[in-house]
Structure formats: C-alpha cells, structure tokens
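Enquirer: sequence and predicted structure are below.
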Amino acid sequence: MLDGFVGASAATFAADVDNAFWINFWVSIVLGLSVLIPMFYFVWKYRESNVKDEEIENFTHHTGLEITWTLVPTVMLMVLFWFGYDSMRVLRTMPAADQSITIQVEGSKWKWRYEYPANANGVVHKLGGAFIKPKYDENGKLIEKGTMAKSALYVPVNTNIILEMTAPVDDVIHAFFVPAFRMKEDVVPGRVTKQWFNATTVGEYDVECAEYCGTDHSYMYSRIVVLPKAEYDAWFNSNDDTPKGNYDKSGSALLQQHGCKSCHATLSDAVFFGPTLKTRVLTKEQVLDVINHGQDTLGYAMGAMPAGLVTGKDAQEIAAYVAAGMKGEQPASFAACSSCHGEDGKGQYGTSPSLVDYDVDLLRNVLKHGKKGSMGNMPKFPYITDEDVSAIAEHLKSL
Amino acid sequence: MSKSYLDLDQTHCAIGHPKTAFWQWMLTVDHKRIGLMYAAVIFTFFFVAVATAFAMRLELFAPGAQFMDGDTFNQAFTLHGVIMIFLFIIPGVPAVFGNIVMPLMIGAKDVSFPRLNWFTFWLYITGALVALSSLWSGEGFADTGWTFYAPYSLTTNTNVITTLVAAFILGMASILTGLNFLVTIHRLRAPGMDFFKMPLFVWGIYATAWIQLLATPVIGITLVLAILEKYFGIGIFDPSKGGDPVLFEHLFWIYSHPAVYLMILPAFGIMSEIIPTFSRREVFGYRTIALSSASIAGIGYLVWGHHLYTSGMADTAKVIFSFLTFFVAIPTGIKFYDWVFTMYKGKIILTTPMLWALGTIITFTIGGLTGVTIAMVGVDIHLQDTYYTVAHFHYAMLGGVVFLLFAGLHYWFPLMFGRMYNEGHAKFAFYLNFIGFNVLWFPMFIAGYYGMPRRYFDYLPEFEIYHQISFVGAVIFITGLITMFYVLIRAIKNGEKVGPNHWNATTLEWHLPTSPPPLENHTKVPYVDFMPYEYHHGQPVVKFDYETMKRID
C-alpha cells in the first residue's frame, strides 16, 4: 500500500511527523526560491547581450544583505529543528507500561516474530514468520501477490502498543519500519530497542525491514493488522493461534512460516544457503568435513563425534559411499561409522544422527541447536514445537 | 615552437630518465600529468559504476526478479557504492584539479613532494586493483553495501576483507594527497599571496586537505579493527563475540560524514572560480566564502550522529546531533547567496562551464534542502533508509560534486589541452544530463516518502511507476554522459587550438606562457599583490608579461 501520504490518520503521531514534514517543505520552498529567483532574474537581466562592459559593477559587500541571509535562514532552520525535535519527542516518549500492551518483537534473517504477554488462561500467543514471496510466470507476469497469510502482528485500535525489539545475538541488524505510522527503529542483535504506536484506524499496514540484512532483505515484510477492540480481546483471551483462525499446521505451511524456504529448496535439488530439503543430499566434501573436524553441537544422546576417526584413503572411501546415498557395496572401513550410526546409517533410533534422511530426531536437534558445518551456520529455531517438527518430517518424507 | 607538458621529454620522472613516452607517463612526477592520469582512471571507474547502477535500474523496472537475483543485486549496489565513493568521488576533484590546477593557481612549479605525489597515484591504483580483484576471487564481491555495517560484514561469506583492505589502501592515498596539498599551500604560495589572496578553489582544497588528514585515519583504524575481528575473533563489533555493532556505525560515520564535505568543498571551490569569471566581475563576499569552507570542515566533524537517528542511540544524543547538523546548513546557504549575488550587475556569459555551475545551483539547492528535511529527527525516523534519502544523497553528491567536477572539466579543458571542444555540442550534452538527472532522481523523493526502502531488489507493485519514471531518466542521463565525454574526448585531438587564457579569466593558472602550459609552469614566480578576481568593466585588471612575470597593467 502507498501508506506514505494517504495514511496520515493511521497512528496518533503520524500527523505530527507529517506536520513537521510540510512545515519543512514550505520553508524549503521559501529558502530555495530565495536562491533560485534571484539567480534566474540575474541570468536574464544581466545576460551578455543586455550589458555593456562599462555597466558592470563590482558589488562585493553589503552588510545588511549578508546579515539578512545569515540570520533569517538561521531562524528558519531553528524553527525546523524545533519541529524535528518535537515530532521526535512524541514518537519516542514511551507510554506507561501499565496503560499499554508490550509485545516482544524478534527480527531475524528474514522474518519477524511477535510474542504477546500471557492471557488469563496462561496462553502466550506467538505469531509472525516469513513473508510468502510473490510468484511470477516465465514472462515476469505476477501470478500471485506476496502475502503474510495469517502471520501478522494483531493489535487493538486506539491502544498503546510498546514494541520491545531484539535480534538473535548471532544475527544482523534489521529495522522495523511502518510507513503508515511514520515509525522506524533498528533491531540490533544483543540489544533491546523500543518503539511504540497507537493505531487510530482499523486496517492493515505494511511492515518493512529498512536496514540492509542480506539476500532476502527485500522480502522481510510483515503486516500490522489493527482490529476493533472487542475482536482483539476475544482472540487474545482464547487459545486460537490468530484472530483469523489457526495456522495451517501442514509441514509445507510450517516450512514457509518459519522461513525455512529462504535458505532451503524444497521442490528442486538447488542449493541456496543450505542444502535442498527435497531429498537428503550430502556431498563428499560435507562428509569429509565432519570426519575431519568431528561434530559435537547437535546434542544427540551418543554425544560428541571426535575428529579424525578415520583418515586418508578410508575417509575418502567412506565419504564417497555416504555421498552416493549409501548404495552399492559397503566399504569395510565403514565399520568405523556403523558402531554409532548403525550399519544402515540410520542412526540407531535417534541416539545418533541419520546419514541418509531427514528424520524427526535430526530435524529436532538441528532446529533446537542450530548447526555449524562446511556450508555455513544455520541459526537455532528453539521455539518450534515438537508437533511442528513431526509435521515437517512427515512432509519432507512425502516430497 | 614552444613545448608543453604533454610533449615527449617534457617531464621529470620519479626514477631515471626513460626515453619512451609510455614510461615518461608512468614515472612522471609532474602534477599536471598526474592529474590527467587520475582523470583517466577515475572517469573509467565512474563509467563502470554507472553501468552497474544502470543494471540495477533495469532490474527495478518491474517488480520481481528479471535477470538478477537478490544476491547479485546486493553485490551490484555494493560495487556501485564502493567505486563511486572510494574510487571516484573521494579522490575526484582534489586528485584531478587539486593536482592540475592548484599549484598553477598559487604560482608554484609543482606540489611540495612530487615523488610522494607519484607514489600516491600508484597507491591509489594498487587500492583500486585490490578492490577489483575481489570481483573474481573468493566468494565474490562484498554484498554489504558501501557502509560495511557490522555484524553483517563480519558474517557474510563474500570477500569483504579484500574490499576493506582496498579501502584502507585508498584511505592511505587520500591522507598522503591531503598532506601533500597542505604543505604545498602553506609553503609554495607565490610571494605576496597571503591566505586571503588565494583563489577560492585553493581554499576549498585547503579545507579538504585537513579533513583528509584528520578524519581518514579513523576509518583506517575502523577497517583494521574489523579485519582483526574477522580473522582473530576479537569481539569489537560482533555481539555474538561481545562486541557492539552500533560502535561500528559511530566509527564509520565519524569519518564518512566529514567525507561528504571532503567531496563537496573542493567542488564548491570550482563554483567559486566559474561564477566570477563568467559574470566578469569580482566575487561577492570573498572572505565569507573562504571562511565558510573552513567552518563547514570544522562543524562537519560534529554531526556524524545524524546517520544514527534510528540506530538505537540515546534520544538526547539524537537531539544534540540534529541541532549541530542545522549549523552546517548555514555556511552552505551563505555561499549560495554569495554566488548568486556575484552575478548581480555583472555580465553573464552562458558558456558550458557556467551552465553546469548554474545547473548545480538548482540541483544542489534541492539536494541541500532535502538534507535539512532529514536533519529533523522526527521526520528522519520516517525517511531514514528510504528512497528519499537515496534521492537526497544523489542530488547532493551527483547534482553537487559530480556536476561541479564536470563544470571544472569544461572550464579547465582549454588549459589542460590547449584546445577547445565544440560548445554547441557540449551545451546540448549539459541539457540532456540535467533533464535526465532530474527525471531519474526526483520521483524517488515521492517513492521514499511513501515508504520505498533503499537496497530493495524487489518491491511492492505500488511503487512500479516511480521506478519506471526513474528508468526513463536514467536512459536520458546516460545518453547525456556519453555525449559529453564523446564531445570532450574528440576535442583532445581535434579541438580548435586556443591560447593560454581562453575564458579571459583572472587567476594565475591563466597566465602561463604557452597553451597547454610548459613543464615548470610560469616562467618566473610572480609577485602577488592583487585579489584573485579583479575585473574592471569586464576585463581582467592584472596583466602579465609572460616572459618576466612582471605586471604590465
């Protein structure tokens, strides 16, 4: 939506900011014309064909003029400073916490998540997720607009909302920008920054990430849905996921919601940031990387895998075998692996990682602990529930 | 026939006495030749960065990915920014005209340290090659934006470190240029020329040289800290190692904000030369123009925080930085009034350089006043990191610094080559550029206020019209640029030959014995007992006998 000019009444302080902008606009017009009108006039009046050499005068000082064009703009600029300060004061003076709803906001590559205070039943609503990118056909024609689906920030109208914002400590800086409300503040890893608003009109407003954060920076949208108070309260005190009903809990929807699809392909074997989730594909380099460096961050019952269990030719042989999907004749050296990963490489009922597919245990452990590997770092997703992991695992199996 | 600095053997060399023209250029310590070489390299990079920008505009013509994915786009705007800032606009005016014209203006034979000047040029080339090498090595060119904000720059897999090393080397070259010019201006002015008899371009270079010398080390240190962090894991900026990313923003802008004045001040100097020459009268308010350059350079150090209004910095700090920022606008405004009133009761001759200068008054007025908008804290919270800021920046930098660089190019072209370009064609190129520029950038102010964030490779369909207008502007603008350079380059070989003072100007660089100038400039060191822009009834007051450099008026 073109929220910039039309949405002036969307939040209480938007009018203050617009007011400051328009004062600036007219002062700028006056100051600008005070330079440009004399310039154009002199260019015309003293044009070459209109002036004889004898008529040229060296006019080099005029104290009155100089004082005027120093003091008048200074006063005008101080007026602008005041309105800039005043509009900021409104934007940045947080309302009292007991008269507001405080919502925790987490920005991470590339999704926004919201956590509400617990309601009367002790339910803590956790909303948000990744934006569903628009779809285009081969000719670049839009087939489907991008959307947040139900993963928005829902707030009641005419209520103070305080956003306490942060990013995971190993993430990067984002900025929570709501053009319709004229508000923006960076979301800094390892810090809590705050902003607030009071939406005055029921409706939906875009949230954009305004601080460059990498690949999907231009898709790090969210929405603020402003609801009538009664509708908001009814949802807030219920157990429903969102005011628009429960989330789609299918594995595919969950992959979308949690932003997995930003880094992982699910329909093809393409490698974006992480490997495809369509089938488990391990490259020889990845297997060798784990053999050479070990792995101790996944939290399996079996514990850490030490580095260098096998070396040289054996390691090469094993890597080739595992990377090929453990098909064909098993090399004898694989005995070094099978004591923990099982002869079939499936990880012995979840006590150690499977080498051949994304089973529930592998997904849960990786999502819970994150992963560091030869391809880079995968962040933690500690808030994904066990039911969600199972649904995702089911879904991956069906691909 | 008398020899000019462009002829074979008409140069001193850093090492030995090479016989071939090629090596005489590579090893030259002559300030004029070094300036020309800078110009050749700098404008080549300019076109690389323009091409990158055009590729981005093409991608942005419609929403969705057309021929570039997000990562490529992110590398493209980083490449555009790094080249434009570090390779083009920071060296820009000082490296080209500071070298070619400044020593001539003060009646010097060369800069104070000609060998250092030669070394600096090759240091700059080294830095440029290091920067470009990361395009083809490692994981590809940095994708951080030219601001290198931590922790993104410390965690991305791309070749950020190579780019940081390059920026460090280029910073070193910038410091050495500043040092060289400072000493030159202090020590090599012609006898009689006190500070308030210097041409205003020299004042611009002087103020700039101080910024180069004092501010650049801050970015150097910052880049070294980032490199230490990346390779040795010392937690300085990355919060996961206990560092503070906002600290990086502060350190970065402590340099990079003064750096925009480093870019604009010498460009303003060019304006101060062109306006009196083509108004055929003395400049209005010589001292205020000179001192406002110095005060902009001073106040410019204290305002970096206005880049951090939404960074999570304390609100009190925002108010203080906002207040100080408004005080940079005042001396800038005074300069504009001085220039405009220099035309009062003059005789305005609309040559190509004058058109560029007047065009810049229009574009920089817009660029400067929209800068005032985003100096207002409350309004900037809305406009920070949107296209409004992008448009402001380009109006100030391209519509200010680069337009004036072009103005200087047209103004000093007859001095540099002893030949004139076709004025009709050059004026046509100006109008193309001016119209294209405004069509390209003005819509971004509106898109920005509507909420179009910068550095987006895809956008909401509502913004399509603004991007499409911008694209049309980009096509006109680039056509104008190509026309302009075609006209100029053709004139280097085929232009009509002109004498030493083609514009009937007053400053010392126009009082040389030959056109183009000879190797060691003025025949004798002149004695300066006059102001730089003395005209009487439209004619220069001071005349020299070029053999003895004695006044004959």
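Expert: Everything's here; your move. Numbers count the residues shown, from 1 in each chain, chains lettered A, B, ... in the order given.
Enquirer: wait, does stretch A:382-398 contact chain B?
Expert: No - against chain B, stretch A:382-398 shows no contacts by Cβ under 8 Å from any Cβ of the partner chain, the least distance being 15.7 Å. Every residue, glycine included, has its C-beta placed from N, CA and C.
Enquirer: if you count neighbours, what's buried in that stretch?
Expert: Neighbour counts over stretch A:382-398 (16 or more other Cβ atoms under 10 Å in any protein chain shown) mark A:384, A:388-389, A:391-393, A:395-396 as buried.
Enquirer: using TSV, lay out the residues you listed together with secondary structure and pLDDT.
Expert: Shown next, in TSV, are the buried residues of stretch A:382-398 (DSSP: H, G, I helix; E, B strand; the rest coil; pLDDT from 0 to 100):
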residue	secondary structure	pLDDT
A:384	coil	85
A:388	helix	86
A:389	helix	87
A:391	helix	86
A:392	helix	87
A:393	helix	85
A:395	helix	86
A:396	helix	85
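Enquirer: quick check: residues of the stretch 201-350 of chain B near chain A?
Expert: B:239-240, B:244-246, B:279-286, B:288, B:310-312, B:315, B:318-319, B:322-323, B:326, B:329-330, B:333-334, B:336-337, B:340-341, B:343-350.
Enquirer: of these, which belong to helices?
Expert: Taking DSSP state H, the ones among these that sit in helices are B:245-246, B:279, B:286, B:288, B:315, B:318-319, B:322-323, B:326, B:329-330, B:333-334, B:336-337, B:340-341.
Enquirer: okay, residue A:5: pLDDT?
Expert: pLDDT, residue A:5: 51.
Enquirer: chain neighbours aside, what residue packs nearest to the residue in the stretch 101-250 of chain A positioned nearest to chain B?
Expert: Here the stretch 101-250 of chain A gets closest to chain B at one residue, residue A:179, 2.7 Å apart by Cβ to the nearest Cβ. Of all residues not flanking residue A:179 in the chain, residue B:451 sits nearest, at 2.7 Å (Cβ to Cβ, 6 or more residues apart in numbering or on different chains).
Enquirer: what is the burial count for that neighbour?
Expert: A count of nearby residues for residue B:451, using other Cβ atoms under 10 Å in any protein chain shown, gives 30.
Enquirer: got the phi and psi for it?
Expert: Dihedral pair for residue B:451: phi 110, psi 30, per degrees, to the nearest 10.
Enquirer: and it, how far is that from residue A:180?
Expert: 8 Å (Cβ to Cβ, to the nearest Å).
Enquirer: which one is residue B:510 nearest to, not counting chain neighbours?
Expert: Nearest residue to residue B:510, sequence neighbours excluded (Cβ to Cβ, 6+ apart): residue B:501, at 4.2 Å.
Enquirer: who's in contact with the one you found?
Expert: B:510-511, B:540 (Cβ atoms under 8 Å, 6 or more residues apart in numbering or on different chains).
Enquirer: give the contact list for the residue in chain A sticking out farthest from the centre.
Expert: Ranked by distance from the centre of chain A (Cα atoms, centre = their mean), the top residue is residue A:54, with 68.1 Å. Shown in contact with residue A:54 (Cβ under 8 Å, 6+ apart): residue B:537.
Enquirer: check it and give its pLDDT.
Expert: 91.
Enquirer: does chain A have contacts with the helix or strand bottoming out on mean pLDDT in chain B?
Expert: Lowest mean confidence among the helices and strands of chain B (mean pLDDT, DSSP states H and E): helix B:152-155, at a mean of 88. Yes - Helix B:152-155 reaches chain A (Cβ under 8 Å from any Cβ) through B:152, B:155.
Enquirer: now for that helix, which elements pack on it?
Expert: With contacts taken as 3 or more Cβ pairs under 8 Å, 6 or more residues apart in numbering or on different chains; DSSP states H and E, helix B:152-155 sits against helix B:160-187, helix B:200-232.
Enquirer: can you pull the buried residues of the last one?
Expert: Put plainly, it is helix B:200-232. Residues B:200-213, B:215-216, B:218-220, B:222-223, B:225-227, B:229-230 are the ones in helix B:200-232 that count as buried (16+ other Cβ under 10 Å).
Enquirer: and what of stretch A:370-379?
Expert: Residues of stretch A:370-379 classed as buried by neighbour count (16+ other Cβ under 10 Å): A:370-371, A:373, A:375, A:378.
Enquirer: go on, stretch B:310-323?
Expert: By neighbour count on 16+ other Cβ under 10 Å, the buried set for stretch B:310-323 is B:310-313, B:318-319, B:321-323.
Enquirer: CA atoms only: put it into CSV for me.
Expert: The C-alpha coordinates for stretch B:310-323 follow below in CSV (Å, rounded to 0.1, in the frame of the first residue of the first chain):
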residue,chain,number,x,y,z
THR,B,310,17.2,5.1,14.2
SER,B,311,20.2,3.0,15.4
GLY,B,312,19.0,2.7,19.0
MET,B,313,21.3,5.6,20.1
ALA,B,314,20.1,7.7,23.1
ASP,B,315,17.4,10.2,22.3
THR,B,316,19.3,13.0,23.9
ALA,B,317,22.2,12.4,21.5
LYS,B,318,19.9,12.5,18.6
VAL,B,319,18.7,16.0,19.6
ILE,B,320,22.2,17.3,20.0
PHE,B,321,23.4,15.9,16.7
SER,B,322,20.3,17.3,15.0
PHE,B,323,20.9,20.7,16.5
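Enquirer: which outside residues touch that stretch?
Expert: So stretch B:310-323 is contacted by A:81, A:84-85, A:88, A:92, A:175, A:184-186, A:188, A:191, A:193, A:210, B:246, B:249, B:303-306, B:308-309, B:375-377, B:380-381, B:384-385 (Cβ under 8 Å, 6+ apart).
Enquirer: mind listing which of those are in helices?
Expert: A:81, A:84-85, A:88, A:92, B:246, B:249, B:375, B:377, B:380-381.
Enquirer: now the buried residues of stretch A:370-379 in a markdown table, with pLDDT?
Expert: Shown next, in a markdown table, are these (pLDDT from 0 to 100):
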| residue | pLDDT |
| --- | --- |
| A:370 | 84 |
| A:371 | 84 |
| A:373 | 77 |
| A:375 | 77 |
| A:378 | 84 |
